[in-house]
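Engineer: here you go, sequence then predicted model.
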There are 2 protein chains.
Amino acid sequence: MSAPAQRITIKEVAAAAGVSKGAVSIAFNHKPGLSEATRERIFTVARELGWAPNSSARSLSTRRPDTIGLALCRPARLLGLEPFYMDFISGIESVLAERSCSLLLRLVSSLDEEIALQETWWRERQVGGSILVDFHEDDPRIAPLTSLGIPAVAVGHPDLTGGIPSIWTDDAAAVAEAVRYLAALGHRRIARVGGPAGLGHSAIRERAFQDTLRALGLPPTTPVATGFAGEEGARATRSLLLRPERPTAIVYDNDIMAVAGLGVAAEMGVTVPDELSLLAWDDSQLCRLTHPTLSAMSHDVHGFGAEVARELFDVIAGRPVRARPVMTPSLTPRGSTASLHTAVS
Amino acid sequence: MSAPAQRITIKEVAAAAGVSKGAVSIAFNHKPGLSEATRERIFTVARELGWAPNSSARSLSTRRPDTIGLALCRPARLLGLEPFYMDFISGIESVLAERSCSLLLRLVSSLDEEIALQETWWRERQVGGSILVDFHEDDPRIAPLTSLGIPAVAVGHPDLTGGIPSIWTDDAAAVAEAVRYLAALGHRRIARVGGPAGLGHSAIRERAFQDTLRALGLPPTTPVATGFAGEEGARATRSLLLRPERPTAIVYDNDIMAVAGLGVAAEMGVTVPDELSLLAWDDSQLCRLTHPTLSAMSHDVHGFGAEVARELFDVIAGRPVRARPVMTPSLTPRGSTASLHTAVS
DNA sequence: TCTGGGGACTGGACCGGTTAATCACCGGGA
DNA sequence: TCCCGGTGATTAACCGGTCCAGTCCCCAGA
């Protein structure tokens, strides 16, 4: 009933179209040197036979795989909680799709594991390049991966990425904006719940945070280092609210922790935003679902991912790239921030 | 200073070890027919040269790529909000990693697009098989993909997956448990906020929901169909709470919508759990961050993903597989559900 | 008529592995 | 001494594409 089940290759297509396999190859790669008639005949036949070029064979010949790698290093359970990455990934995909490339995704649990993985990927030529995220200060990946020569784009401030072409958001400026906004609302005791201490952008934000406080003549706050998990955000918030000099505003390093903070405030009977203002980072839909809704420093994570992917293609193609920032996150005020004066009154 | 930069292949390794490339291949595939000494020599040399078999070449020869595909069909923006998938993916990964396979991930925006993608993946031999999720009633993917002959495992009840080997959770039983629990707490007006109407498991759950209500002699509730986004969950909740016969308990189809429901209740001044009990699905950390914390039907999503991946390997290897359920979600009571009697008192 | 050049297409080497077939060698039994 | 079987290795034919050096043909120009 059905066809001979014989796997169809370029040879069959060529035979059926009455040309050589070279011609089929030329047609499918849209290269010059074929008459329009032949070209069409080849495509017609290929469609009828349901043939598409075998990707392994292709990348074996061309020596460049049409796949790029992304390793996420977080405890797996936690990952589900970060809307950021899914959005980021979908941005990457949007660029890959238009070049019919694919994304190889892997969750790893340590940077060493990531290093090993990237080496394997590159050695085995599974990927043409990789996207690196979550840079730490003195990140251990930099040395081995640069010496390996794998094309890569880093997400993070150039200070952190050690010469790997990078794309980043100007977190320092964003933090400053956040703090100034809260100060303008009359807040003087402003605290911050940051991500893991080792993480580079946490450090950058913390520094900018303290600098801005100082510039505004506000009292510094002892930093609270946490992980990125919501529960840690909850713990940190609880400890902040129990301090004798309870802050009247808290800036979080992501949206999950802000949601957790909101929960803690409710649990402790601290009303938001009357007695406490909360500001989230990495605005996602989540911020619009809570009550009150969460004010956030929002940026176009999807577009960010797309930009990173485009940059990686440039790197792979050997085009010159320069590290560059994308749009600075900007403030989206919602229900969780309010003027301290109105609140107090 | 550095090596000749000449790409290292099996040939170099063979030469350096003083054997033929066949021997190297045998060693790396752990096949019999080599002395222990030779084997070790080969591995040593390979390590020194930093060589690993080229994956394209390998899968070209073996005719089986070591990659499996997963296409998620959701509006991209929404995806970030579903903790479920990240957890699910990490479960898949855990199995893939131990066989040094990779996951090819793609976000698509329609089922037709997914069909096209799967066809391409299979034709181009980019994947050895695929995992299919989010089955609809009369799912359009079934016919084209089965006729294509692509090895696949479906996530969903066998009634929906049309003969594709499937793994599923017994949602009907879980729904029944949820409803009976709420009924035992004294609730009589129980509503449900479901996922998209077309989605198969939504339909199954809705049916089980109404059946259980009937069995318990409780009044049926007009179903509220929504998407999966939090905002839709919010809208649905609002409309339920405005009904003249306001429900005293609501079961949600995922955790995001439940969070949104919690927000709406707060916004409308309905206290949870005193006046209203909420029950989430797909328990994730999110449920522990809100105030009150969310009771949920929880199941091991990570393990579920792992199970699915294992099954896919069986399918690919041609081992016989049977559709089978994994552990039924079970109830984890937290702060969002309470006895109606206590509440009323 | 001859030459030159360019467009259309072919042939075959090559990419880097896998694998079936083959072979050299060695010890043991008839 | 001859033959046999098994171990440890090699050889060469693939896998399914890409790509480059040619071949062939036709037409313009001298």
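Structural biologist: Arrived safely.
Engineer: in the stretch 201-345 of chain A, which residue sits nearest DNA strand D?
Structural biologist: Closest contact between the stretch 201-345 of chain A and DNA strand D, by CB to the nearest atom of the strand, is at residue A:317 (13.6 Å). Every residue, glycine included, has its C-beta placed from N, CA and C.
Engineer: tally of neighbours for that residue?
Structural biologist: Residue A:317 has 12 neighbours, counted by other CB atoms under 10 Å in any protein chain shown.
Engineer: tell me the pLDDT at it?
Structural biologist: At residue A:317, the pLDDT value in this model is 89.
Engineer: find the nearest non-adjacent residue to the residue of the stretch 101-250 of chain A found nearest chain B, please.
Structural biologist: Taking CB to the nearest CB as the measure, the stretch 101-250 of chain A has residue A:123 as its residue closest to chain B, at 3.8 Å. Using CB to CB, 6 or more residues apart in numbering or on different chains and skipping the chain neighbours, the partner closest in space to residue A:123 is residue B:52 (3.8 Å).
Engineer: so which bits of the stretch 1-150 of chain A are right by DNA strand C?
Structural biologist: Residues of the stretch 1-150 of chain A lying near DNA strand C by CB under 7 Å from any atom of the strand: A:18-23, A:26, A:32-35, A:37-38, A:57, A:60-61, A:63.
Engineer: the same query, at a cut-off of 6 Å, please.
Structural biologist: For the stretch 1-150 of chain A, the residues in contact with DNA strand C (CB under 6 Å from any atom of the strand) are A:19-23, A:33-35, A:38, A:60-61.
Engineer: mind listing what's buried in stretch A:325-342?
Structural biologist: Using 16 or more other CB atoms under 10 Å in any protein chain shown as the test for burial, stretch A:325-342 gives A:326, A:329, A:331-332, A:334-338, A:340.
Engineer: now do stretch A:33-47
Structural biologist: A:34, A:38-39, A:41-42, A:45-46.
Engineer: burial count for the residue nearest to residue A:123?
Structural biologist: There are 20 residues near residue B:52, going by other CB under 10 Å.
Engineer: was I right about it contacting residue A:124?
Structural biologist: Yes - Residue B:52 lies in contact with residue A:124 (CB atoms under 8 Å); the separation is 4.8 Å.
Engineer: low-confidence ranges, the stretch 201-345 of chain A, go.
Structural biologist: A:228, A:341-345 (pLDDT under 70).
Engineer: measure residue A:172 to residue A:160 for me?
Structural biologist: 12 Å (CB to CB, to the nearest Å).
Engineer: those two: who's more crowded?
Structural biologist: A count of neighbours by other CB under 10 Å puts residue A:160 above the other of residue A:172 and residue A:160, at 23 against 18.
Engineer: residues contacting the closest residue to residue A:143 other than its chain neighbours?
Structural biologist: In space, and not counting its chain neighbours, residue A:143 is closest to residue A:162: 7.9 Å by CB to CB, 6+ apart. The contact partners of residue A:162, taken as CB atoms under 8 Å, 6 or more residues apart in numbering or on different chains, are A:139, A:142-143, A:146.
Engineer: let's go with 10 Å and repeat that
Structural biologist: Neighbour list for residue A:162: A:135, A:138-139, A:141-143, A:145-146, A:154, A:156 [criterion: CB atoms under 10 Å, 6 or more residues apart in numbering or on different chains].
Engineer: next one: residue A:71
Structural biologist: Counting by CB under 10 Å, 6+ apart, residue A:71 has contacts A:104-108, A:111, A:113-118, A:121, A:130-134, A:141.
Engineer: is it true that it lies in a strand?
Structural biologist: Yes - assessed with DSSP: H, G, I helix; E, B strand; the rest coil, residue A:71 lies in a strand.
Engineer: in the sheet, who's paired with it?
Structural biologist: Beta bridges link residue A:71 to residue A:106, judged by DSSP bridges.
Engineer: burial measure for the residue nearest to residue A:216 when sequence neighbours are not counted, as a count.
Structural biologist: Leaving aside its sequence neighbours, residue A:216 sits nearest to residue A:183 (CB to CB, 6+ apart; 5.1 Å). Look at residue A:183: counted by other CB under 10 Å, it has 19 neighbours.
Engineer: in the helix or strand hosting residue A:183, what's buried?
Structural biologist: Using DSSP states H and E, residue A:183 falls within helix A:171-184. If you call a residue buried by 16+ other CB under 10 Å, then helix A:171-184 has these buried ones: A:171-172, A:174-179, A:181-183.
Engineer: DNA strand D contacts on chain A?
Structural biologist: A:7, A:9-10, A:21-22, A:25, A:28-29, A:53-54, A:57-58, A:60-62.
Engineer: one step back: quick one: the buried residues of helix A:171-184 as CSV, columns for distance to residue A:224 too.
Structural biologist: CSV is the format used below for the buried residues of helix A:171-184 (distance: CB to CB, whole Å):
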residue, distance to residue A:224
A:171, 18
A:172, 19
A:174, 19
A:175, 15
A:176, 19
A:177, 21
A:178, 16
A:179, 16
A:181, 20
A:182, 16
A:183, 19
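Engineer: mind listing the strands for the stretch 101-250 of chain A?
Structural biologist: A:102-108, A:129-132, A:152-155, A:166-169, A:190-193, A:249-252 (DSSP state E, counting those that start in this stretch).
Engineer: the last one and chain B in contact?
Structural biologist: No - contact of strand A:249-252 with chain B (CB under 10 Å from any CB of the partner chain) is absent, the minimum separation being 12.1 Å.
Engineer: quick one: the residue of the stretch 201-345 of chain A closest to DNA strand D from chain B, how far?
Structural biologist: 18 Å (CB to the nearest CB, to the nearest Å).
Engineer: show me the contacts for that residue.
Structural biologist: So residue A:317 contacts A:64, A:128-129, A:151 (CB under 10 Å, 6+ apart).
Engineer: just the buried ones from those?
Structural biologist: By 16+ other CB under 10 Å, those give A:128-129, A:151 as buried.
Engineer: let me see the backbone angles for residue A:277.
Structural biologist: phi -100, psi 140 (degrees, to the nearest 10).
Engineer: can I assume it is in contact with residue A:258?
Structural biologist: No - counting by CB atoms under 10 Å, residue A:277 does not reach residue A:258; the two are 11.0 Å apart.
Engineer: which one's more surrounded, those two?
Structural biologist: The neighbour comparison of residue A:277 against residue A:258 (other CB under 10 Å) goes to residue A:258, with 31 against 26.
Engineer: the more buried one in helix, strand or coil?
Structural biologist: Assignment for residue A:258 (three-state DSSP): helix.
Engineer: can you check the one 3 residues further on too?
Structural biologist: Three-state call for residue A:261 (three-state DSSP): helix.
Engineer: skipping adjacent residues, who's closest to it in space?
Structural biologist: residue A:237 (4.1 Å).
Engineer: pull the CA atoms of stretch A:199-211 into PDB?
Structural biologist: The C-alpha atoms that make up stretch A:199-211 are tabulated as PDB, following Å, rounded to 0.1, in the frame of the first residue of the first chain:
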ATOM      1  CA  LEU A 199      26.200  36.500  40.800                       C
ATOM      2  CA  GLY A 200      27.800  39.400  39.000                       C
ATOM      3  CA  HIS A 201      24.700  41.400  38.300                       C
ATOM      4  CA  SER A 202      23.700  41.200  41.900                       C
ATOM      5  CA  ALA A 203      26.900  42.700  42.900                       C
ATOM      6  CA  ILE A 204      26.600  45.400  40.300                       C
ATOM      7  CA  ARG A 205      23.100  46.300  41.400                       C
ATOM      8  CA  GLU A 206      24.100  46.200  45.100                       C
ATOM      9  CA  ARG A 207      26.900  48.600  44.400                       C
ATOM     10  CA  ALA A 208      24.700  51.000  42.400                       C
ATOM     11  CA  PHE A 209      22.100  50.700  45.100                       C
ATOM     12  CA  GLN A 210      24.400  51.800  47.900                       C
ATOM     13  CA  ASP A 211      26.000  54.500  45.700                       C
END
